[in-house]
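Peer 1: Got a predicted structure here, sequence first:
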Amino acid sequence: MRATAVDALSHGYRTIVPIETTADKHESYHFANLTDLMLKYADVVDVAERRRRVQHAAQLLAEGVQHAVAPTGIRTNAKPHFEPRGERFRER
């Protein structure tokens, strides 16, 4: 999952990771990895929230909106930018 989220971010997309669809060997590792993904690469949400976001996006498309602000406040057409001193993500 991490590799997919990193690749998506490098191409300008923010990945949505439904919590109930992932697992790890131990619960503590699982939540540590989800927290890391959420802080750096992806939106970690439950399945109901993901469904709500997809329905919202479908509604926007039906209304003809091309670029909108996602429910998280992240622009859907955002391009990634990495600062030279680390992996801190910010939008342009």
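Peer 2: That came in fine, so what should we check first? Residues are numbered from 1 along each chain as shown.
Peer 1: drop to CA atoms for contacts and neighbour counts, all remaining ones
Peer 2: OK.
Peer 1: In terms of secondary structure, what does the top helix by length along the chain contact?
Peer 2: When every helix of the chain is counted residue by residue (DSSP state H), the longest turns out to be helix 47-62. Counting contacts by 3 or more C-alpha pairs under 8 Å, 6 or more residues apart in numbering; DSSP states H and E, the secondary-structure elements packed against helix 47-62 are strand 15-18.
Peer 1: who does the strand it packs on pair up with?
Peer 2: The partner list of strand 15-18 in its sheet, established with DSSP bridges, is strand 42-45 (parallel).
Peer 1: Pull out the buried residues from the strand it pairs with.
Peer 2: Taking 16 or more other C-alpha atoms under 10 Å as the basis for neighbour counts, the residues of strand 42-45 that come out buried are Ala42, Asp43, Val44, Val45.
Peer 1: I'd say Glu20 and Asp46 touch.
Peer 2: Yes: Glu20 is within contact range of Asp46, at 6.5 Å (criterion: C-alpha atoms under 8 Å).
Peer 1: Compare the two and say which is more crowded by neighbours.
Peer 2: More crowded of Glu20 and Asp46, by other C-alpha atoms under 10 Å: Asp46, with 14 against 10.
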